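# Would you be able to build a 3D model of this:
(2 chains)
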Amino acid sequence: MANAMLHQTVGTFQLLGNSGTRCEIRNNSVKLIPRGFEVEVGLSKRKIYSSREWKLGVIRASASQTSVVDPVLAPSNNGTRESPTKSNEAALILIRHGESLWNEKNLFTGCVDVPLTKKGVEEAIEAGRRISNIPVDMIYTSALIRAQMTAMLAMTQHRRKKVPIIMHNESEQAKAWSQIYSEETIKQSIPVIAAWQLNERMYGELQGLNKQETAERFGKEKVHEWRRSYDIPPSNGESLEMCAQRAVAYFRDNIEPQLQSGKSVMIAAHGNSLRSIIMYLDKLTSQEVISLELSTGIPMLYIFKEDNFIRRGSPVAPTETGVYAYTRGLARYRQKLDEMLH
Amino acid sequence: MANAMLHQTVGTLQLLSNSGIHCQVGNNSVRLLPRDLKVELGFSKRGSNSFGEKKFSVIQASASLTSVFDPVLSPSNKGPHESLKKSNEAALILIRHGESLWNEKNLFTGCVDVPLTKKGVEEAIEAGKRISNIPVDMIFTSALIRAQMTAMLAMTQHRRKKVPIIMHNENEQARLWSQIHSEDTIKQSIPVVAAWQLNERMYGELQGLNKQETADRFGKEKVHEWRRSYDIPPPNGESLEMCAQRAVAYFKDEIEPQLISGKNVMIAAHGNSLRSIIMYLDELTSQEVISLELSTGIPMLYIFKEGKFMRRGSPIAPTEAGVYAYTRRLAQYRQKLDETLN
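Alright, predicted model coming up:
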């Protein structure tokens, strides 16, 4: 019976597999769409790929699930509901904040705490609409207001019953003063944690300068080098490598355990801290991460399952380009990876 | 010449004073509208007063200007701008944040860090439109996101060229990382200072409870007493008196010096911390402050001049009731105060 069900599922895969990419599927029960999530299976929209790419994404996801389902626990024995909890799936949403007042003025921002523009506010609300159906149990933001506002604005659109509550641990008084005295209410809360480790890359002596000033003060080539290299920091600032080191460490120590325990997590942060994390999730090289651009205000969804991060692209992805822009080189690298998958 | 100008001004005042309120005007030059401020002379809209009330506020403001103007510096010698700088006037805007997610659920919030609802976001933007023409040189908020977001959302509507920048002094690294390295950029910044002393009154063991839970746990009368008394705190919480003590102390130590130096200040905070400050600005008694209700999302404007705070009501005040709602008793008390003014 289980096998019959399997057969059909496997049949579907094979059809889809005719896009030219081979997939091995072993004789295990496979779940295609995690029920608990009500997620539109997102597209990783890459400019050079056709609609077949979508199916590739689906196949890949299912393929990585094959190895993990216990043959004893076939869908016919348990309700399909049970399996998501048992297989410990969790959603991970990454949102890069939108336009800030210094973006508008073209000033190097880094860790200067500049708020959002009207446009940035709208981007955050739009992002919220896209993730309104994805469960969120915990929220992590940087210590900067533009990321925190992005998270809170996005959550005003969420169809949750739970309420985001920002945690305060900066002092004993802050902790005592922010205490909640109702168990019911605590259960209906989504803890929000602000962490400097998720801050934007710190740009040192470039912070607050415009293009002209930086060229005058340091010279055009030097500035270009700082922006584009992986490990050369600007004066008194961080290299991308240094930013990645503290962001990924924080992710592994604090966020990954939440995902492992089945909690769905949203991270609202910045271009460099998020691509550092994506470098870890997608196992990119330093060369690749330099070319990686994450669109502002467009949420990226990953499914965490059995220690694997499966990229699902952007929920309810619109058809316009640039949703998740990959460079050509990066896309080719990924194709090679998928062919090697089994 | 100066006298001739004076005569006209005084003439105007007398006419207005035919609404039934006496005003003594000394033989000094009086300026009615501070030019730099571009303020619509706001009304303190009080439910029980008639239209005559409007003119009353104007007279009141002008009357207090008379004693401070140096007869040597009459308008015919210097332009109005100069006199303003010399008389060190500064605008003070108070904004109470709008609806939070727990307001919606009717839970005691206090110092729990609950964000705004969609409605609260709109209220903040609306507030911003009303103050878009009033200069702001510094912003103070509480340590809670709903006040910070209110300030930043309001400022997205401001017709400033300057950019609000949130100050970080929580530790050495935070301070260093947020440094701006361009003098020009610093000059174009509006420092935003977040202070726990401006937080909402801390409600102790009521925080997170709904009306039913509090009645069950503590009894209806006790809860009513805590809410309405001046000096009785809930368990592990603050009384209004305690809240006022730390809020007003902060205002006097940190905010007033800014106003004294001529800086225009905006404060985005909460019902209890703001009415504590208003108690200080308007010299209210504890009985009066208990009855004081500050509308959410409606900015209140004060002019600070020569150590005095003059309430100007709500900029571009709408005609609907409840903009700045006083109780009848409070209004009558005020009328008495003004009659004794000169």
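# got the contact list for residue 211?
Went with chain A since none was named. Residues counted as contacts of A:Lys211 (C-beta atoms under 8 Å, 6 or more residues apart in numbering or on different chains) are A:Asn106. Every C-beta, even on glycine, is put in place using the N, C-alpha and C of the backbone.
# looking at chain B here, not the other one
B:Asn106.
# any idea how far A:Cys111 is from it?
With distances taken as C-beta to C-beta, to the nearest Å, B:Lys211 is found 43 Å from A:Cys111.
# any idea how far A:Leu294 is from the closest residue to A:Thr109 other than its chain neighbours?
Nearest residue to A:Thr109, sequence neighbours excluded (C-beta to C-beta, 6 or more residues apart in numbering or on different chains): A:Trp102, at 4.6 Å. Applying C-beta to C-beta, the value for A:Trp102 to A:Leu294 is 18 Å.
# What helix or strand is the residue nearest to A:Thr109 located in?
Element membership for A:Trp102 (DSSP states H and E) is helix A:101-105.
# Extract the CA atoms of that helix and return them as PDB.
Provided in PDB are the C-alpha atoms of helix A:101-105 (Å, rounded to 0.1, in the frame of the first residue of the first chain):
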ATOM      1  CA  LEU A 101      17.900  57.300   4.600                       C
ATOM      2  CA  TRP A 102      21.600  57.000   3.800                       C
ATOM      3  CA  ASN A 103      21.000  54.600   0.900                       C
ATOM      4  CA  GLU A 104      19.000  57.500  -0.500                       C
ATOM      5  CA  LYS A 105      21.900  59.800   0.000                       C
END
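# need the next SSE after that helix, C-terminal direction.
Going down the chain from helix A:101-105, the next helix or strand is helix A:118-130, by DSSP H and E.
# Need the pLDDT of A:Ala147.
In the prediction, the pLDDT value recorded for A:Ala147 is 98.
# A:Glu183 now?
So A:Glu183 comes in at 95 (pLDDT).
# backbone phi and psi for it, please?
phi -60, psi -40 (degrees, to the nearest 10).
# Just give the nearest non-adjacent residue to B:Leu198, would you?
B:Ser142 (4.0 Å).
# Tell me which residues of stretch A:271-288 come out buried.
For stretch A:271-288, a neighbour-count test (16 or more other C-beta atoms under 10 Å in any protein chain shown) marks A:271-282, A:284, A:288 as buried.
# which of those residues come close to chain B?
By C-beta under 8 Å from any C-beta of the partner chain, no member of the buried residues of stretch A:271-288 lies near chain B.
# May I ask you to name the longest strand in the chain?
No chain was given, so I picked chain A. strand A:89-96 (DSSP state E).
# Chain B was what I was after
Under DSSP E, chain B gives strand B:89-96 as its longest strand.
# Establish whether that strand and chain A are in contact.
No. Shown here: strand B:89-96 not in contact with chain A (C-beta under 8 Å from any C-beta), separated by at least 15.3 Å.
# I'd like to know which elements the longest strand of chain A is packed against.
Judged by 3 or more C-beta pairs under 8 Å, 6 or more residues apart in numbering or on different chains; DSSP states H and E, strand A:89-96 is in contact with helix A:145-155, helix A:256-260, strand A:265-269, helix A:271-281, strand A:300-305.
# Quick check: the gap between the residue nearest to B:Leu198 and B:Pro191.
Distance from B:Ser142 to B:Pro191, by C-beta to C-beta: 16 Å.
# Which one's more surrounded, those two?
B:Ser142 (27 against 16; other C-beta atoms under 10 Å in any protein chain shown).
# Residues in a beta bridge with B:Asp113, which ones?
Per DSSP bridges, residues listed as beta-bridge partners of B:Asp113: A:Ile166.
# Verify the stated contact: it with B:Ser142.
No. B:Asp113 is not in contact with B:Ser142 according to C-beta atoms under 8 Å; the separation is 9.7 Å.
# Helix, strand, or coil at the residue nearest to A:Ile186 when sequence neighbours are not counted?
Nearest non-adjacent residue to A:Ile186, counting by C-beta to C-beta, 6+ apart: A:Ile180, 5.3 Å away. Under DSSP: H, G, I helix; E, B strand; the rest coil, the three-state class of A:Ile180 is coil.
# Against which helices or strands is the helix or strand just after the longest strand of chain B packed?
Next in sequence after strand B:89-96, counting helices and strands by DSSP H and E, comes helix B:101-105. Where contact means 3+ C-beta pairs under 8 Å, 6+ apart, helix B:101-105 is packed against strand A:163-166.
# After the strand it packs on, which helix or strand is next?
Toward the C-terminus from strand A:163-166 - assigned by DSSP H and E - lies helix A:172-177.
# For A:Pro315, grab the count of nearby residues.
Using other C-beta under 10 Å, A:Pro315 has 24 neighbouring residues.
# hang on, isn't it packed against A:Arg130?
Yes. Contact criterion C-beta under 8 Å: A:Pro315 and A:Arg130 qualify, at 4.9 Å.
# OK, contacts around A:Ser273?
With C-beta under 8 Å, 6+ apart, A:Ser273 has these contacts: A:Ser142, A:Gln197, A:Leu198, A:Asn199, A:Glu200, A:Arg201, A:Cys243, A:Ala247.
# and the residues you listed near chain B, which?
Among the contacts of A:Ser273, the ones lying near chain B by C-beta under 8 Å from any C-beta are A:Asn199.
# Quick one: mean pLDDT for the helix or strand where A:Gly313 lies?
If you go by DSSP H and E, A:Gly313 is part of strand A:308-313. Across strand A:308-313, the average pLDDT comes to 90.
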